[in-house]
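*Asks:* Compute the structure for the input listed below.
(one chain, ligands or ions: 2)
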Amino acid sequence: MDECTIFIGPYVHSFEQKHITCVENGLIAVSNGKIIGVSDNQDIDALRSTLPCSVSPKFVTLNNSEFFCPGFVDLHIHAPQFPNAGLGYDLTLLQWLKKYTFPLEKKYNDIKFARKIYRAVVDRTLSCGTTTACYFCTIYVESCITFVEELIEAGQRAFVGKVNMNTGCPPEYSETTSSSIADTEKFIDFMKNIKNSLVKLIITPRFAVTCDMPLMTTLAELAKKHDLYIQTHISENKDEVNYVKEIFPECSSYTDVYDKAGLLTKKTVLAHGVYLTNPELKLLKERGSSIAHCPISNTSLQSGFCNVRMLLNEGLSVGLGTDVAGGYSPSIINCMRAAMNMSIHISFLHDNHIPLNYHEVFYLATLGGAKALQMENLIGNFTMGKDFDALRIDLNCQDTPIDYFNELTLSEKLQKFLYLGDDRNIRQVYVKGNLVKNKIQ
Ligand code: GUN
Ligand code: FE
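*Replies:* Numbering: from 1, shown residues only. Ligands and ions are numbered 1, 2, ... in the order given. A predicted model of the protein is given here:
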């Protein structure tokens, strides 16, 4: 007989950008990792009458200070850079890459080191409530495989990218075009043979500064041939944008470089997009590619203000990225706050700029991220038929930053969590119905 759990209690989720749906007394029925029933009231008999009769449920009741929210999507994070989180922000992007990032990533040809760090990253991001993440790894396939093993062991939903880079980088941490392609094909073959529905490969040219056109074009062909996702960086920093113009004089913009290479698809996630021009936004919209907004990184590396309101108004799909270690925090909660702050700061500079509010950043962190990955039919909110990727939040637990006084509405509880809470308030994490993190004794 199939197992079924019915969760009894409050939950919050998004169906649209502008508005969070709060259900004070609800039910969510989960079986085989999927949501098989949802109710906005607590009529258990009514819900049970809709469930397949072979299912005999177990009940889990949340207490007054608890609620469920969908797991967070981190659209952009560099797993190997985790040890550098918080370091080196006296430099800006190109100098920071050279001094801090490339030397650290080079260490991942040591599998023992890679495993230790990768285990810690997955443990930390899960603890912070990231149920789905788009990861950059390093150029080394073997350590990418190690990372995949760690993800499968921990049960996180993830996209894993073997980084490609063949120019404009230190010779000791660089590839030739042929080795870069051969290693990518090796990783594609490995991923084809793993029996896991949660972990997928994503083609990962680092950015236009470190990939020449033949490499990017071949990677785009590989993505097309195998129907793969693609991720890279775009228009993050002024020096970077100018340099890209210099090395690709035949292209009309940074976006045009990726478009000429064939890298802009519906399954492409582009990190940053701070300095995109109107024609570039139009082109991205046409191609259906999405943007990972990384506000902590944009501030830490002094890259600039990313105008998310403008991206959304152009109809682009946007989600949030921590961009560890460009961003210092692996937590999407911190990222939501930074996104609101950045947007408010932009509104001080532009009279008609309406800043992002908590409804909107919560959407970006959940359903928005799912849409950016074309996964809105599978994750992002508590809809019947979707996978149960969920966080059990408790405002009233010891040693957390929240002083909990009763008599808050559910919407207020969520706001307290978003502004004052942290990973300690995330008591349980479910991915596809599996309890992958449990802090409740
Ligand atoms: N652009 C190219 N590589 C990187 C990286 O590792 N981090 C960030 N933030 N930007 C990049
Ligand atoms: Fe990045």
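*Asks:* Write out the residues of the stretch 101-250 of the chain neighbouring ligand 1.
*Replies:* Counting by Cβ under 6 Å from any ligand atom, the residues of the stretch 101-250 of the chain close to ligand 1 are T101, R206, F207, H233, E236. All C-beta spots, glycine's among them, are computed from the backbone N, C-alpha and C.
*Asks:* In strands, which of the residues you listed fall?
*Replies:* Under the assignment DSSP state E, those contribute H233 to strands.
*Asks:* Tell me which two in the residues of the stretch 101-250 of the chain next to ligand 1 are the farthest apart.
*Replies:* Greatest spatial distance among these (Cβ to Cβ): T101 and E236, at 13.0 Å.
*Asks:* Could you find the closest non-adjacent residue to K224?
*Replies:* Excluding its sequence neighbours, the residue lying closest to K224 (Cβ to Cβ, 6 or more residues apart in numbering) is G262, at 7.1 Å.
*Asks:* pLDDT score for that neighbour?
*Replies:* We have a pLDDT of 99 for G262.
*Asks:* if I look at it, how far off is ligand 2?
*Replies:* Computed as Cβ to the ion, to the nearest Å, the G262 to ligand 2 distance reads 22 Å.
*Asks:* contacting residues around D389?
*Replies:* The contact partners of D389, taken as Cβ atoms under 8 Å, 6 or more residues apart in numbering, are P70, G71, T131, T132, R157, I379, Y430, V431, K432.
*Asks:* now do 6 Å
*Replies:* Going by Cβ atoms under 6 Å, 6 or more residues apart in numbering, D389 touches G71, T131, I379, V431.
*Asks:* Please report how far Y108 lies from M191.
*Replies:* 18 Å (Cβ to Cβ, to the nearest Å).
*Asks:* which of those two has more neighbours?
*Replies:* Between Y108 and M191, counted using other Cβ atoms under 10 Å, Y108 has the larger neighbour count: 25 against 20.
*Asks:* Make sure I have this right: that one is in a strand.
*Replies:* No - inclusion of Y108 in a strand is not indicated when DSSP: H, G, I helix; E, B strand; the rest coil is applied; the result is helix.
*Asks:* Verify the stated contact: it with E142.
*Replies:* No - with contact defined as Cβ atoms under 6 Å, Y108 does not count as touching E142 (8.8 Å).
*Asks:* From the rest of the structure, what touches stretch 434-441?
*Replies:* For stretch 434-441, using Cβ under 6 Å, 6+ apart, the contacting residues are L126, S127, G155, R427, Q428, V429.
*Asks:* Checking my notes, the first one in a helix, right?
*Replies:* Yes - when classified by three-state DSSP, L126 is found to be part of a helix.
*Asks:* What about it, how many residues nearby?
*Replies:* When neighbours are counted by other Cβ under 10 Å, L126 registers 23.
*Asks:* show me the contacts for it.
*Replies:* With Cβ under 6 Å, 6+ apart, L126 has these contacts: Q156, V429, V436, K437.
*Asks:* Which secondary structure element is home to the nearest residue to it once chain neighbours are set aside?
*Replies:* Spatial nearest neighbour of L126, excluding adjacent residues (Cβ to Cβ, 6+ apart): K437 at 4.8 Å. Using DSSP states H and E, K437 maps to strand 434-438.
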